[in-house]
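*Asks:* need coordinates for the below:
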Amino acid sequence: MSIEQIYEQFIKVLPTSEQHRLIQLIQAGWDAASSHEHDQKTHRLMELHGFGKEIWQQVDVQDYIEQLRSEWRS
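*Replies:* So this is what the prediction gives:
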């Protein structure tokens, strides 16, 4: 069943006050889900310390900096 069919069959027939209550319930569910997602994605910056260090092990820092500077000059 599509959202449009659900709306036509179940929601549109509700009194306006009940439709408003349904909107409030949906909004509360979004807010709770959004808050929960935000909590799960919160990290401390120091958790990234050392992350990806293996990528830079074979890179000469001075050569890398000089390469970047030459790209900026172009």
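*Asks:* please, where are all the helices along the chain?
*Replies:* In the chain, helices defined by DSSP state H lie at 3-6, 16-41, 53-56, 61-73, listed in chain order.
*Asks:* and Leu22, how many residues sit next to it?
*Replies:* When counting by other CB atoms under 10 Å, one arrives at 13 neighbours for Leu22. Placement of C-beta: from N, CA and C, glycine included.
*Asks:* neighbours around the closest residue to it other than its chain neighbours, how many?
*Replies:* In this structure, Leu22 finds its nearest non-sequential neighbour in Ile11, 6.6 Å apart by CB to CB, 6 or more residues apart in numbering. By other CB under 10 Å, 13 other residues sit near Ile11.
*Asks:* might one say that Ile11 is in contact with Gln19?
*Replies:* Yes. Look at Ile11 against Gln19 with CB atoms under 8 Å: they come within range, at 6.3 Å.
*Asks:* quick one: distance of the helix or strand of the chain with the lowest mean pLDDT to the chain centre.
*Replies:* Across the helices and strands of the chain, the lowest-confidence element by mean pLDDT, DSSP states H and E is helix 16-41, at a mean of 83. In terms of CA atoms, centre = their mean, to the nearest Å, the centre of helix 16-41 is set 17 Å apart from its chain centre.
*Asks:* what packs against it?
*Replies:* Here helix 16-41 touches no other helix or strand, going by 3 or more CB pairs under 8 Å, 6 or more residues apart in numbering; DSSP states H and E.
*Asks:* and that helix, what's buried?
*Replies:* By neighbour count on 16 or more other CB atoms under 10 Å, the buried set for helix 16-41 is empty.
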